[in-house]
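*Asks:* Fold the following and give me the result.
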Amino acid sequence: MPARLDHTIVRSRDRFAGARFLTGLLAAPDPEPFGPFASVPLDGGVTLDYLDDSGAIVPQHLALLVSEDEFDEILARVKERNLPYWADPHHRQPQRINHDHQGRGVYVEDPDGHSIEFLTHTYVTD
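*Replies:* Numbering: from 1, shown residues only. The predicted structure follows:
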């Protein structure tokens, strides 16, 4: 039986600012406090638990699968906020989206430098 991801910790300079950045793009409810965390629930029972860290933040990559309509709404919010975005994880294609893996994708960085990828189709391997 494969394991199912339950939660992961996302280190942040300000846990609520980092978590609200994501919930704002998703148009999701504000994060809830849970012990030392600002918790962002996702589909399937997974939570992203933002934790304050005064040390160096090591950027993570968070890939979130969304519907076509959700993608359009997220991209509109990104543009409304004048956020930089990229079609690729290396930030070589600014202000563009990709059409990889039979879907669409876009990358943004949160206030702590974490790369958040929104994609409409899971990766297809050849």
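*Asks:* Which residue ranges make up each domain of the protein?
*Replies:* Here the domain assignment for the chain is 1-52, 59-126, based on automatic domain parsing.
*Asks:* Dump those to a markdown table, plus mean pLDDT and mean neighbour count.
*Replies:* In this view, the C-beta of every residue, glycine as well, is placed from N, C-alpha and C. Putting the domains of the chain into a markdown table (pLDDT from 0 to 100; neighbours: other Cβ atoms under 10 Å) gives the following:
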| stretch | mean pLDDT | mean neighbour count |
| --- | --- | --- |
| domain 1-52 | 96 | 16 |
| domain 59-126 | 96 | 15 |
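*Asks:* what about the residue lying closest to Y123 once chain neighbours are set aside, which SS state?
*Replies:* Nearest non-adjacent residue to Y123, counting by Cβ to Cβ, 6 or more residues apart in numbering: H101, 5.0 Å away. Following DSSP: H, G, I helix; E, B strand; the rest coil, we place H101 in the helix state.
*Asks:* ok, now which ones touch H101?
*Replies:* Going by Cβ atoms under 8 Å, 6 or more residues apart in numbering, H101 touches 119, 121-124.
*Asks:* Cross those residues against strands and list the overlap.
*Replies:* L119 (DSSP state E).
*Asks:* For L65, name its beta-bridge partners.
*Replies:* For L65, the beta-bridge partners under DSSP bridges are L119.
*Asks:* so the most centrally placed residue in the chain, which of the three states?
*Replies:* The residue lying closest to the centre of the chain (Cα atoms, centre = their mean) is I116, at 3.5 Å. Three-state call for I116 (three-state DSSP): strand.
*Asks:* Now name the helix or strand holding V78.
*Replies:* helix 68-80 (DSSP states H and E).
*Asks:* What is the helix or strand just after that helix packed up against?
*Replies:* Toward the C-terminus, helix 68-80 is succeeded by strand 105-109 as the next helix or strand (DSSP H and E). Applying 3 or more Cβ pairs under 8 Å, 6 or more residues apart in numbering; DSSP states H and E, one finds that strand 105-109 makes contact with helix 68-80, strand 115-119.
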